[in-house]
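**Q** Quick check, what structure comes out for this input:
(one chain, ligands or ions: 1)
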Amino acid sequence: MDTLTRLETTIANRRDADPDTSYVAQLSHRGVPVMARKLGEEAVEACVAALSGSREELVGEAADVLFHLMVLLSAKDVSLAEVLAELDRREGTSGIDEKNSRSA
Ligand SMILES: N=c1c2ncn([C@@H]3O[C@H](COP(=O)(O)OP(=O)(O)OP(=O)(O)O)[C@@H](O)[C@H]3O)c2ncn1[C@@H]1O[C@H](COP(=O)(O)O)[C@@H](O)[C@H]1O
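**A** Residues are numbered from 1 along each chain as shown. The predicted model follows:
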């Protein structure tokens, strides 16, 4: 099982755990708006790391982004498989071609 798939299972198992001992449960109790805000904050921190931080900082912030995205997807009952299927569907279509097809 790959890392993100294991993380998806862990998050699902921790959602209803004790918030005193589980960060996933804390986020779950605080709800989707807080999860979405945290994801946005982590994304900004990743941008800052890319622009002015070290390689190590960027790796850490990127991991935070993926973790908080996975928490939000779980809360919204969107599976990793659905997101990966969307990426598979896009495979081989240039972003330039896709954008041009929208403005045509
Ligand atoms: N991958 C992660 C992971 N990445 C980051 N984090 C936490 O995300 C939080 C974000 O850090 P911040 O400094 O931005 O947030 P904060 O200031 O502490 O929190 P706020 O006051 O802003 O809400 C930190 O507490 C990190 O420890 C994670 N917490 C959990 N996991 C995974 O989730 C599993 C279950 O975790 P628990 O639910 O805590 O048992 C763990 O075993 C890990 O596999």
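
**Q** Tell me how far Ala25 lies from Ala17.
**A** The gap separating Ala25 from Ala17 is 4 Å, by CB to CB, to the nearest Å. To be clear about C-beta, it is placed using only N, CA and C from the backbone, and glycine gets the same treatment.

**Q** residues in the protein within reach of the ligand, list them.
**A** When proximity is defined as CB under 6 Å from any ligand atom, the chain approaches the ligand at 7, 10, 14, 22-25, 64, 67.

**Q** lowest-confidence helix or strand of this structure?
**A** helix 95-103 (a mean of 87; mean pLDDT, DSSP states H and E).

**Q** if we look at it, which residues are touching it?
**A** Residues outside helix 95-103 that contact it (CB atoms under 8 Å, 6 or more residues apart in numbering) are Arg90.

**Q** on that earlier part again, how about the residues of the chain next to the ligand, which pair is most distant?
**A** Ala25 and Asp64 (17.8 Å; CB to CB).

**Q** Contact partners for the residue nearest in space to the middle of the chain?
**A** Taking CA atoms, centre = their mean, the centroid of the chain lies closest to Leu69, which sits 1.9 Å from it. The neighbours of Leu69, taking CB under 8 Å, 6+ apart as the test, are Leu39.

**Q** what's the burial count for Leu4?
**A** By the criterion of other CB atoms under 10 Å, Leu4 has 15 neighbours.

**Q** Then the one 4 residues further on?
**A** When counting by other CB under 10 Å, one arrives at 19 neighbours for Glu8.

**Q** same deal with Gly95?
**A** Neighbours of Gly95 (other CB under 10 Å): 8.

**Q** swap in Ser74?
**A** Look at Ser74: counted by other CB under 10 Å, it has 23 neighbours.

**Q** what's the answer for Ser28, then?
**A** Counted with other CB under 10 Å, residues neighbouring Ser28 total 21.
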